[in-house]
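S.K.: Turn this into a model:
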Amino acid sequence: MDQSLILKAENIKTWFPVRGHIARDGNCVKAVDGVSLSLYRGKTYGLVGETGCGKSTLGRTLIRLLEPTEGTILLDGTDITHFSPFWLQLYRARMQMVFQDPYSSLDGRMHVGDILMETLAIQKRVPRKERMELVLQILTDVGLLPEHFYRYPHELSGGQRQRVGIARALLPEPELIVCDEPVSALDVSVRSQIIRLLLEQQRSRDLCYLFISHDMSVVRYMADRVGVMYLGHLVEEADTDELFEHPRHPYTQVLLSAVPTPDPRTHRKRIVLEGDLPSPLDPPTGCPFHTRCPRSARRCGEQMPDMRECAPGHLVACHFS
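M.R.: A predicted model of the protein is given here:
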């Protein structure tokens, strides 16, 4: 086993049952439907796709905030898929999350210091008398001042609140952090500061990130490897430069065509999709993208393409790529 491999997920499915008069009994929303990936120490895996494709659900499933319907999650070779709450708490410190909305992820009735001290109290890894000193140190590490210890979340800016969220994730000294669109709710001027902070902490702590985003430009800057999701499926995966320079799946090509170019003299042909995004409650048969794909053929609607290697380290699930 590769010593740098932290987490390996195999055929992960996260389905949510739907009951009531609107849907038939037994129907499920197939938010994540058979995804496999590997995360490595000190590396960033970027997960991209449009809203509703299952990115956040997959991230929460991998760290067991959501229960997988099927599949296997291995953390350092240990199967944690069906761990009980007691055993899972022992591993929880090794897997943390930074949420998209820094305000709703913090308790507005507590001081910042109390929020961070609570993290240490739950983990029970630091003696009570040492907790305040550790919290003050982590506030400094993420670019905040000691005076922020006694402030409430509503007294902070959006960027400061996200720094608190990052501090909370770093306190248990994790190996893996799921960053669920950590800069999408921030002003553009603040985004670069938070991205730089994440990279600094990754280098100093040898962290692994699962970086979830719909912003392809940010993902290209952050990630070492990128996976593209569509309707609960992973349709393409490659090293960052390879994927951006040689996208093979039609959906990846659509996403990249929408990325603005910094040079106004450069004109990129925009690929516009036709039709609506299918419902994960009733996904299409065969390839999930065939109902909107410009290259769709009869085979695409009948047979699900296997994920195959089209170039070294470049995987794609398409019959014609």
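S.K.: show me where the stretch 51-200 of the chain has helices.
M.R.: Listed in chain order, the helices of the stretch 51-200 of the chain (DSSP state H, counting those that start in this stretch) span residues 55-62, 85-92, 112-123, 128-141, 158-170, 188-205.
S.K.: For those helices, which has the smallest mean pLDDT value?
M.R.: Ranked by mean pLDDT, these end with helix 85-92 in last place, scoring a mean of 84.
S.K.: Run the angle between that helix and helix 112-123 for me.
M.R.: Put simply, helix 85-92 runs at 120 degrees to helix 112-123, going by axes from the mean of the first three to the mean of the last three C-alpha atoms, to 10 degrees.
S.K.: how about TSV for the helices of the stretch 51-200 of the chain, with mean neighbour count and distance to residue 259 added?
M.R.: For the C-beta atoms, the positions are set from N, CA and C on the backbone; glycine is no exception. Listed next are the helices of the stretch 51-200 of the chain as TSV, based on neighbours: other C-beta atoms under 10 Å; distance: least, C-beta to C-beta, whole Å:
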stretch	mean neighbour count	distance to residue 259
helix 55-62	24	17
helix 85-92	12	36
helix 112-123	19	36
helix 128-141	15	32
helix 158-170	23	24
helix 188-205	15	15
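S.K.: Turn those into a markdown table, columns for distance to residue 261.
M.R.: A markdown table is the format used below for the helices of the stretch 51-200 of the chain (distance: least, C-beta to C-beta, whole Å):
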| stretch | distance to residue 261 |
| --- | --- |
| helix 55-62 | 25 |
| helix 85-92 | 42 |
| helix 112-123 | 40 |
| helix 128-141 | 36 |
| helix 158-170 | 27 |
| helix 188-205 | 17 |
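S.K.: I'd like to know which of the ones you listed lies nearest to residue 290.
M.R.: For those, the distance to residue 290 is smallest for helix 55-62, at 21.0 Å, taking C-beta to C-beta.
S.K.: Considering only helices and strands, which part of this structure has the lowest mean pLDDT?
M.R.: helix 85-92 (a mean of 84; mean pLDDT, DSSP states H and E).
S.K.: give the contact list for residue 181.
M.R.: Applying C-beta atoms under 8 Å, 6 or more residues apart in numbering, we find residue 181 in contact with 56, 100, 212-214.
S.K.: Tell me the one among the residues you listed nearest to residue 163.
M.R.: Top of the list for closeness to residue 163, among the contacts of residue 181 and by C-beta to C-beta, is residue 100 at 14.8 Å.
S.K.: mind checking how far that closest one is from residue 115?
M.R.: Distance of residue 100 to residue 115, computed by C-beta to C-beta, to the nearest Å: 18 Å.
S.K.: Would you mind writing the CA trace of the least confident helix or strand of the chain as CSV?
M.R.: C-alpha atoms of helix 85-92 as CSV (Å, rounded to 0.1, in the frame of the first residue of the first chain):
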residue,chain,number,x,y,z
PRO,A,85,-20.3,6.4,16.7
PHE,A,86,-17.9,5.4,19.5
TRP,A,87,-15.1,4.2,17.2
LEU,A,88,-15.8,6.9,14.6
GLN,A,89,-15.1,9.6,17.2
LEU,A,90,-11.6,8.2,17.6
TYR,A,91,-11.0,8.8,13.9
ARG,A,92,-13.0,12.0,13.6
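S.K.: Please shift the residue numbers so they start at 16 in all later answers.
M.R.: Renumbered: residue one is now 16, and that last one reads helix 100-107.
S.K.: List the contacts of it.
M.R.: Helix 100-107 has contacts (C-beta under 8 Å, 6+ apart) with 79, 90, 93, 95, 98, 138, 187.
S.K.: change it to 6 Å
M.R.: 79, 95 (C-beta atoms under 6 Å, 6 or more residues apart in numbering).
S.K.: what's the answer for stretch 211-222, then?
M.R.: Residues outside stretch 211-222 that contact it (C-beta under 6 Å, 6+ apart): 56-57, 192.
S.K.: Tell me how many other residues crowd residue 280.
M.R.: For residue 280, the neighbour count with other C-beta atoms under 10 Å is 5.
S.K.: For the most centrally placed residue in the chain, what are phi and psi?
M.R.: Centroid check for the chain by C-alpha atoms, centre = their mean gives residue 227 as the closest residue, at 3.2 Å. Dihedral pair for residue 227: phi -100, psi 130, per degrees, to the nearest 10.
S.K.: Look up how far residue 68 lies from it.
M.R.: Residue 227 sits 10 Å away from residue 68, going by C-beta to C-beta.
S.K.: Where does the prediction get shaky in the stretch 16-165 of the chain?
M.R.: Scanning the stretch 16-165 of the chain for pLDDT under 70 picks out 16-18, 35-41.
S.K.: residue boundaries of the strands in it?
M.R.: 20-32, 43-55, 59-63, 85-90, 93-94, 110-113 (DSSP state E, counting those that start in this stretch).
S.K.: Would you mark the buried spots in stretch 300-316?
M.R.: Going by neighbour count (16 or more other C-beta atoms under 10 Å), the buried part of stretch 300-316 is 301-308, 311, 315.
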